[in-house]
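Colleague: Let's see this in three dimensions:
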Amino acid sequence: MALHVSPTRRWSALAVALLVAAGTLTACGDDDGGSSATTATTATGAAGGATAPATTPAGSATTRLAIVAEERGGLSWSRRTLTARAGDVTIALDNPSGNQLPHAVEIEGNGVERESATIEPGAVTDVSANLRPGTYTFYCPVDGHRQQGMEGTLTVG
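Modeller: Sure thing, here's the model as predicted:
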């Protein structure tokens, strides 16, 4: 037995389906009226491996890099070289609870100078900057720490 649906009822069902679909698409957009397109990038952990994807507006890159303040055998970073894509770059600093000193991280070079908060052992902080391709220095700006070895190179491509 064939089911007969009137053309009016068919158009009504289609209109409802389109309104539901439009509402769903609107809910997926951002709240400032801009595009909700995203580009995935990879965050790099202290050991150099990927830790989590991040999303940003299409055409923009975001890189999150992690370093750890190390005090065993002198002051140093867990990594002395970092690499990122041009765009928004964040360096996350972990000052482990086993450390004795406060630390911070600063990005400097190519007209950029951005510094994180200084944190006590057991805390984390970060510093972010929009970086163009080039070479930057990251270091601990706490008195004397840079001179004792808490300095590294950030290459942005």
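Colleague: low-confidence ranges in this structure?
Modeller: 1-60 (pLDDT under 70).
Colleague: Show me the strands in it, by range?
Modeller: 38-44, 50-57, 62-70, 76-77, 81-84, 87-95, 106-109, 112-115, 123-131, 134-139, 151-156 (DSSP state E).
Colleague: which other helices and strands contact the third one?
Modeller: Spelled out, that is strand 62-70. On a contact count with 3 or more C-beta pairs under 8 Å, 6 or more residues apart in numbering; DSSP states H and E, strand 62-70 meets strand 38-44, strand 50-57, strand 76-77, strand 81-84, strand 87-95. Backbone N, C-alpha and C define where each C-beta goes, glycine included.
Colleague: again, but for the last one
Modeller: Strand 151-156 is packed against strand 81-84, strand 87-95, strand 134-139, with contacts defined by 3+ C-beta pairs under 8 Å, 6+ apart.
Colleague: Can you tell me which of the ones you listed is nearest to V112?
Modeller: Among the helices and strands packed on strand 151-156, strand 134-139 comes nearest to V112, with 6.7 Å by C-beta to C-beta.
Colleague: Touching, A66 and A92? I think so.
Modeller: Yes - A66 lies in contact with A92 (C-beta atoms under 8 Å); the separation is 4.7 Å.
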